[in-house]
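1. pasting the sequence and the predicted coordinates here, then a few questions.
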Amino acid sequence: MPNKEPAIAGLGITAQGKVYGKTAPQFAAEAVRLATEDAGLALADLDGLLVSGGLTASLGVDLQGVLGLTDLQVLTYMQGYGSTAAQMVQYASMAVQSGMADTIAVVWADDPLKDKSKSSSAAYTKAASAPSGWRGITAANGIYSANTMYALAARRHMHRYGTTQDHFGHIAVAQREWAQLNPIAQFHGTPLTLEEYHASRYIAEPFHLYDCCLVSNGGVAVIVTSLDRARALRQPPVRVLGWAQSHPGRTGIRNDDFGLVSGAASAGPRALKMAGTTLDEIDVVEVYDCYTYTALLTLEDYGFVPKGEGGPALAEPGMLGPGGKLKVNTGGGELSAFYMWGMTPLYEAVVQARGQGGERQVDKHDRVLVSGNGGVLDYHSTLILGTDA
């Protein structure tokens, strides 16, 4: 019988960062074309399309027409914020397993940056309009954006566990070191020291500029098909071994663990169990890092470092960065490479699993964990990817 185990067979990425003159649908179409070409396929080989984008409504299922695709068996637009990319791979994998579709393109794209803009390259630095209604109560106290809500969550972690800005800074510096090995990273060629991190301006205390992710124009796509078919195509197959979701949905709700735990604590063990593997067998970790704090919390919740001890543990010499014990966000992550929501960790995970990371390639890469985070720790998705070994 044919092997319906799902695998990622194609990967496409457009130019990233301050790339002007294209819309999100144009970036998305380019990414899908690049992914199908990467796999050695034609667009006509696709019978499924899953689409997602940023917070604007410019990208939707009409991408099918832009690409000239007909007779699709799976077509939808998805939105789970930063958890969407891994969710789309999960649903595409289930469609392949069930026989609902054979070859599915999964794509995310956005175009938030505008030419000649004076806005910062750090995410969410532009002040948002104060909300009305009951949310105006928190807004009146300065809590009205992703920056301020995550800053509040980070403060909770700092207060409970003694986490410091210096701990966050070590994460920012380590990921910038990885970015120096990634030629497509927006901060490639721009190193960062801990002193420079501390000297950068505040965005929302305790977050400095370099605690916050980038803003990027561009698109990323992957092709999900069966392992049997992937083996006959151009690239090394990347097996989709396990997955899980967890959506706490507690933003704005008073509870005892806001800022102290994320959906990774629940989704991680279930994804590992499905993959038939354990945490100590994970070689590479690609986590959603909209802020340094988010990366720290996620690594704690997966169990790579003890809960509450992530700050000092990750700041230990030899823990993070190239050559470090824990191979985390090996392309520079959203903090130093580019910000494509959950596609940033997914893209790098596929590159590493294929063994195509160049200077930044990790020697052992049989098992790769990928995480996506959305809202303010509201939504979470986990993938376990593997080589065809």
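-> Received, thanks.
2. chain center to the helix or strand hosting residue 198, what's the gap?
-> Taking DSSP states H and E as the definition, one finds residue 198 inside helix 194-199. The chain centre lies 25 Å from the centre of helix 194-199; the measure is Cα atoms, centre = their mean, to the nearest Å.
3. can you list contacts of that helix?
-> Residues from elsewhere that reach helix 194-199 (Cβ atoms under 8 Å, 6 or more residues apart in numbering): 165-166, 169-170, 172-173, 208, 210. All C-beta atoms are positioned from the backbone trio N, CA, C, and that covers glycine.
4. TSV for those, including distance to residue 304, pLDDT and neighbour count?
-> Formatted as TSV, the contacts of helix 194-199 follow (distance: Cβ to Cβ, whole Å; pLDDT from 0 to 100; neighbours: other Cβ atoms under 10 Å):
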residue	distance to residue 304	pLDDT	neighbour count
165	21	98	18
166	20	98	13
169	19	98	23
170	15	98	23
172	18	98	26
173	18	98	23
208	24	98	22
210	22	98	26
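5. sort out for me which of those residues are in strands.
-> Per DSSP state E, strands hold the following members of the contacts of helix 194-199: residue 208.
6. contacting residues around the helix or strand hosting residue 285?
-> Per DSSP H and E, residue 285 falls inside strand 284-286. The contact list for strand 284-286 (Cβ under 8 Å, 6+ apart) reads 299, 302, 304, 326-331, 333, 345-346, 348-349, 352-353, 362, 365, 367-371.
7. what of stretch 157-165?
-> 154, 198, 206, 208, 259-260, 293, 296-297, 308-311.
8. can you rerun that using 6 Å?
-> With Cβ atoms under 6 Å, 6 or more residues apart in numbering as the test, stretch 157-165 has contacts from 206, 259, 308, 311.
9. mind giving me the ChimeraX command for buried ones among the residues you listed?
-> A single ChimeraX command selects the buried members of those (16 or more other Cβ atoms under 10 Å):
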select :206,259,311
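10. tell me which of the contacts of stretch 157-165 has the lowest pLDDT.
-> Across the contacts of stretch 157-165, the smallest pLDDT goes to residue 259, namely 93.
11. ok, that residue - contacts?
-> By Cβ under 6 Å, 6+ apart, the contact list for residue 259 reads 153, 156-157.
12. residue nearest the centroid of this structure?
-> The chain has residue 342 as the residue nearest its centroid, 2.8 Å off, counting by Cα atoms, centre = their mean.
13. so where do the strands sit in the stretch 151-300 of the chain?
-> With DSSP state E, counting those that start in this stretch, the ranges of strands along the stretch 151-300 of the chain come out as 202-204, 207-208, 218-226, 238-246, 284-286.
14. what's the closest of these to residue 79?
-> strand 238-246 (13.8 Å; Cβ to Cβ).
15. so what strands line up beside the closest one?
-> As defined by DSSP bridges, the strand partners of strand 238-246 come to strand 6-13 (antiparallel), strand 379-387 (antiparallel).
16. tilt between it and strand 218-226?
-> Counting by axes from the mean of the first three to the mean of the last three Cα atoms, to 10 degrees, strand 238-246 lies at 110 degrees to strand 218-226.
17. in a markdown table, list the contacts of residue 259 along with pLDDT.
-> Supplementary listing: the contacts of residue 259 in a markdown table, determined by pLDDT from 0 to 100:
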| residue | pLDDT |
| --- | --- |
| 153 | 94 |
| 156 | 95 |
| 157 | 97 |
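18. save those as CSV, and put in distance to residue 11 and neighbour count too.
-> Listed next are the contacts of residue 259 as CSV, based on distance: Cβ to Cβ, whole Å; neighbours: other Cβ atoms under 10 Å:
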residue, distance to residue 11, neighbour count
153, 32, 21
156, 37, 16
157, 34, 23
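19. so which of the residues you listed comes closest to residue 226?
-> Nearest to residue 226 among the contacts of residue 259, counting by Cβ to Cβ, is residue 153 at 40.2 Å.
20. excluding its backbone neighbours, what's nearest residue 294?
-> Spatially, and ignoring its direct neighbours in sequence, residue 294 is nearest to residue 373 (6.0 Å; Cβ to Cβ, 6 or more residues apart in numbering).
21. if we can go back for a sec, pick the most buried one from the strands of the stretch 151-300 of the chain.
-> Neighbour counts (mean count of other Cβ atoms under 10 Å) averaged over each of these peak at strand 218-226, with a mean of 29.
22. just how off-centre is stretch 147-165 within its chain?
-> Its chain's C-alpha centre lies 21 Å from the corresponding centre of stretch 147-165 when counted by Cα atoms, centre = their mean.
23. for it, buried residues please.
-> Counting neighbours by 16+ other Cβ under 10 Å, one finds that the buried residues in stretch 147-165 are 147-158, 161, 163, 165.
24. filter the residues you listed down to just the ones in helices.
-> Those of the buried residues of stretch 147-165 mapping onto helices are 147-158, 161, 165, per DSSP state H.
25. lowest average confidence across helices and strands of this protein, where is it?
-> Lowest by mean pLDDT, DSSP states H and E among the helices and strands of the chain is helix 135-139, with a mean of 63.
26. follow-up on the earlier one: tell me the buried residues in the helix holding residue 198?
-> For helix 194-199, burial by neighbour count (16+ other Cβ under 10 Å) applies to 196-197.
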